[in-house]
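A.B. asks: give me the fold of what follows.
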Amino acid sequence: MKRTILAFAVLFVLLSCGNRSGAEAQPLYPFSAPNEAVSGKVAANRSRGDNAENVQPRWYELPRMDFRMEGEYRVDRQDRRLYYAWHTFNMAGKNYRNYTVCFDADEHAPLWVAAPRHKMYEERSTRRSDNYRPDPGIPSDVQYRSARNAGGCNKGHLLGSADRLCLAYANNQVFYYSNIAPQLSEGFNCQGGGWNILEDYVDAQVARDTLYEVIGCYYGDYTDAYGVKGREATISFGGRSDVGKPTMFYYVLLRTKDGNTGKALKDCKSSELKCAAFVRSHSNRHKGRGVTRKDLMSVSDLEKITGLQYFVNVPQAPKDKVDPSDWDL
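C.D. replies: Here you go, the predicted structure:
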């Protein structure tokens, strides 16, 4: 499909400690320093709602990215199997970012999704769309070919539909295939499933101060703190026969400890922030299991497993430390 690249006019973003709903304001498009007012000419594709320039965004929630434009797609400079895309929407005349995705073309599934979480995104003005389709920011031939469940798995959102109910367009975007991973349907992604229980726990962390999260998949062999093992495998899923089945799913979270400061992250000391990873092997054995300290690890420890770098735009994030009491565990 032919895509027309349109040039936006100069975009000004008004920044403060919080907007009218309490969500911390950060520029929608890439900027020079966290939470500083900027302006700049942005080349964008309105049909995709994302920035098409070869620039590196610096939003708080992002892991390290280093890509270049190859045609209309963003490809990792060091690992050409990785593609990046981010999606945005306009609501009541204001622009908001929805989420950013890193997609693994070898696994034909997402590596991670990063997003801000705030109640303003969840204020219900629409319903679940179930509009599954390819992500227009990633080559379609590396994505699922259909929304078909298979391999004992159903379609697991990384960023959930219920997390984006403020606008139909925003909800439609979370049904892109890039935000969907195969998840075991018997005891992991189901009522009382191990992943659903962890999702509910994370939902309870959403506060007046923005929660920044990375939701990720891991594809190498992994054994979690419960002794539950995940083994590398390729399955049939989404109309393909070559999809990687994740061995582990995780959340990486960053927020103020208080949750109600109204302060921008750049104005917070490390001691005012809480930062942690929550990790579970991809297994039906977690069904009915509540979140415990065994799910918890420092972000630095998770980085050693995944080889990724999280929250690189928040240098004071306490990635080396984790206090279970900060998370009511």
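A.B. asks: distance of Arg255 from Ala204?
C.D. replies: As defined by Cβ to Cβ, to the nearest Å, Arg255 lies at a distance of 12 Å from Ala204. C-beta coordinates here come from the backbone N, C-alpha and C atoms, glycine included.
A.B. asks: Ser129 too?
C.D. replies: Separation of Ser129 from Ala204 (Cβ to Cβ) stands at 25 Å.
A.B. asks: so if I had to pick from those two, which one is more boxed in?
C.D. replies: Ser129 (16 against 11; other Cβ atoms under 10 Å).
A.B. asks: so what's the more buried one scoring on pLDDT?
C.D. replies: At Ser129, the pLDDT value in this model is 96.
A.B. asks: just to revisit the earlier point, quick one: common contacting residues for Arg255 and Ala204?
C.D. replies: Common neighbours of Arg255 and Ala204, using Cβ atoms under 8 Å, 6 or more residues apart in numbering, do not exist here.
A.B. asks: show me where the stretch 51-200 of the chain has its helices.
C.D. replies: Under the criterion DSSP state H, counting those that start in this stretch, the stretch 51-200 of the chain contains helices at 119-122, 168-173, 194-203.
A.B. asks: where among these is the average confidence lowest?
C.D. replies: Among those, helix 119-122 carries the lowest mean pLDDT (a mean of 92).
A.B. asks: give me the number of neighbouring residues for Gly216.
C.D. replies: 26.
A.B. asks: from Thr256, how far off is the closest residue to it other than its chain neighbours?
C.D. replies: Distances taken as Cβ to Cβ, 6 or more residues apart in numbering place Trp112 nearest to Gly216, at 4.0 Å, with adjacent residues excluded. Counting by Cβ to Cβ, the separation of Trp112 from Thr256 is 23 Å.
A.B. asks: also Leu265?
C.D. replies: 8 Å.
A.B. asks: between these two, which contacts overlap?
C.D. replies: Leu273.
A.B. asks: tell me which of the two has more neighbours.
C.D. replies: Set Leu265 next to Thr256 and count neighbours by other Cβ under 10 Å: Leu265 wins out with 23 against 20.
A.B. asks: need the pLDDT of that one.
C.D. replies: pLDDT for Leu265: 92.
A.B. asks: surely it and Phe311 touch.
C.D. replies: No: the criterion here is Cβ atoms under 8 Å, and Leu265 misses it with Phe311 at 9.4 Å.
A.B. asks: between these two, which contacts overlap?
C.D. replies: Residues touching both Leu265 and Phe311 (Cβ under 8 Å, 6+ apart): 60, 212, 254.
A.B. asks: and the residues you listed, which of them are buried?
C.D. replies: 60, 212, 254 (16 or more other Cβ atoms under 10 Å).
A.B. asks: dump the residues you listed to JSON lines, plus pLDDT.
C.D. replies: Conversion of these to JSON lines gives the following (pLDDT from 0 to 100):
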{"residue": "Tyr60", "pLDDT": "96"}
{"residue": "Tyr212", "pLDDT": "97"}
{"residue": "Leu254", "pLDDT": "98"}
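A.B. asks: using TSV, please lay out those together with distance to Ser281.
C.D. replies: Output for those, formatted as TSV (distance: Cβ to Cβ, whole Å):
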residue	distance to Ser281
Tyr60	28
Tyr212	24
Leu254	23
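A.B. asks: name the nearest of those relative to Tyr226.
C.D. replies: Relative to Tyr226, the closest of those is Leu254; by Cβ to Cβ it sits at 24.7 Å.
A.B. asks: gap between that closest one and Leu184?
C.D. replies: In terms of Cβ to Cβ, Leu254 sits 28 Å off from Leu184.
A.B. asks: what of Glu123?
C.D. replies: Here Glu123 is placed at a distance of 32 Å from Leu184 (Cβ to Cβ).
A.B. asks: so in the protein, where's the weakest helix or strand by average pLDDT?
C.D. replies: Counting by mean pLDDT, DSSP states H and E, the weakest-scoring helix or strand in the chain turns out to be strand 43-45, with a mean of 29.
A.B. asks: tell me what the residue nearest to Ser185 when sequence neighbours are not counted is bridged to.
C.D. replies: Nearest residue to Ser185, sequence neighbours excluded (Cβ to Cβ, 6+ apart): Asn154, at 4.1 Å. Judged by DSSP bridges, the bridge partners of Asn154 are Gln183.
A.B. asks: isn't Asn154 right next to Glu186, touching?
C.D. replies: No: using Cβ under 8 Å as the test, Asn154 is too far from Glu186 to be in contact (9.5 Å).
A.B. asks: joint contacts of the two?
C.D. replies: By Cβ under 8 Å, 6+ apart, no residue touches both Asn154 and Glu186.
A.B. asks: sketch out the low-pLDDT regions of this structure for me.
C.D. replies: Across the chain, the ranges flagged by pLDDT under 70 are 1-54.
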